[in-house]
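Undergrad: heads up, no residue letters with this:
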């Protein structure tokens, strides 16, 4: 695994942070001093792992950027699991606007992560969960999470 790397850009008056790697004890200290220019978008598409020391560092990071409105995009399952389990993993100024939902076929061992986006699969007062999706090989893949637990963060 690779330690967490990031790129930072300013787009349309927002700070866009793209993270790549694992959130662990090697969390980049320069992120703790980040001062976003206005609102912030954090792309989590390439985050591959989060460990307990990474959770601690992440919560510290959330405290340093709590003045900005933060939008999370392309959140992987490992991130959603932490949001659902760890109080304070994301703060009230945060919103998840897209996240991955895992699907799996036991017979073929095929798996697929489907991106759910705000306004399409979920939004204020609605959630459209596909019970199954087609895999790359055409096989039927079933939802690979407990629906009531995985989507809990949308109710908060």
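TA: Noted; the coordinates are in hand. Computed from a predicted structure; not experimentally measured.
Undergrad: pLDDT averaged over the longest helix along the chain - what is it?
TA: In the chain, assigned by DSSP state H, the helix with the most residues is helix 52-64. In this model, helix 52-64 has an average pLDDT of 94.
Undergrad: elements contacting it?
TA: strand 14-23 (3 or more CB pairs under 8 Å, 6 or more residues apart in numbering; DSSP states H and E). All C-beta spots, glycine's among them, are computed from the backbone N, C-alpha and C.
Undergrad: Who does whichever helix or strand comes after the longest helix of the chain pair with, and is each partner parallel or antiparallel?
TA: Of the helices and strands lying after helix 52-64 in sequence (DSSP states H and E), the nearest is strand 70-73. Note on strand 70-73: by DSSP bridges, its sheet partners are strand 40-50 (parallel), strand 94-96 (parallel).
Undergrad: tell me which residues in the first one are buried?
TA: Along strand 40-50, the positions that meet the burial threshold by neighbour count (16 or more other CB atoms under 10 Å) are 40-44, 47, 50.
Undergrad: Likewise for stretch 78-85?
TA: Taking 16+ other CB under 10 Å as the criterion, stretch 78-85 shows 79-83 as buried.
Undergrad: Turn the strands paired with strand 70-73 into TSV, including distance to residue 150.
TA: As requested, the strands paired with strand 70-73 are exported to TSV (distance: least, CB to CB, whole Å):
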stretch	distance to residue 150
strand 40-50	16
strand 94-96	12
